[in-house]
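[1] Would you be able to build a 3D model of this:
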Amino acid sequence: MGDEVHCAWCAKRTKTRKQQTFAKLPTVLCLHLKRFDSLTNKKITEPVTFPSALDMGPYVPHWREVEQTEVMGCPVAEDITGTTPIILYDLVGAINHSGTLFQGHYVSNVKVDGQWYSCNDTEVHRFSEESAEKHVLNSEEAYMLFYIRRK
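    This is a model prediction of the structure:
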């Protein structure tokens, strides 16, 4: 469950759950990570890990069954476990940002024919398999992720 909010229907504070869904999934899924805090004008520097393969099936709303039940007189939506499709995406690119909120440098990491490359201005270098996992899939500088839908 999530935070409590005021329920206009029963005039009580109730627990809520927020869920993000996609109405339609694209061939290329671009995910922009919120790495800047506008309230404090600082960059968020905690490490981010993300999968090399991503299943988006659970995030398509028409595959998600929701049932309304009552708890203490207030309606509550509960997930009904059902079959969801497997919609797989493979990571093919990541953009990293180094620097601060006001200045910095971007480096692209791209996967071509199963091999990861780092593209930094005029330099391109190839990652070893072990190094790619360290630098691409676990980064304090991850900013944007690019996934391609499997056929």
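
[2] residue ranges with poor pLDDT in the protein?
    Across the chain, the ranges flagged by pLDDT under 70 are 1-2, 18-19, 62-83.

[3] could you point out which element follows the lengthiest strand in it?
    Ranked by residue count and defined by DSSP state E, the top strand of the chain is strand 88-99. Following strand 88-99 in sequence order, the next helix or strand is strand 104-112 (DSSP states H and E).

[4] Which other helices and strands does that next one contact?
    For strand 104-112, the packing partners by 3 or more C-beta pairs under 8 Å, 6 or more residues apart in numbering; DSSP states H and E come out as strand 88-99, strand 115-120, helix 129-136. The way it works is simple: take the backbone N, C-alpha and C, and place the C-beta from them, glycine included.

[5] now, of the ones you listed, which is deepest in the fold?
    strand 88-99 (a mean of 18; mean count of other C-beta atoms under 10 Å).

[6] what pairs with that one, and is each one parallel or antiparallel?
    strand 53-55 (antiparallel), strand 104-112 (antiparallel), strand 142-149 (antiparallel) (DSSP bridges).
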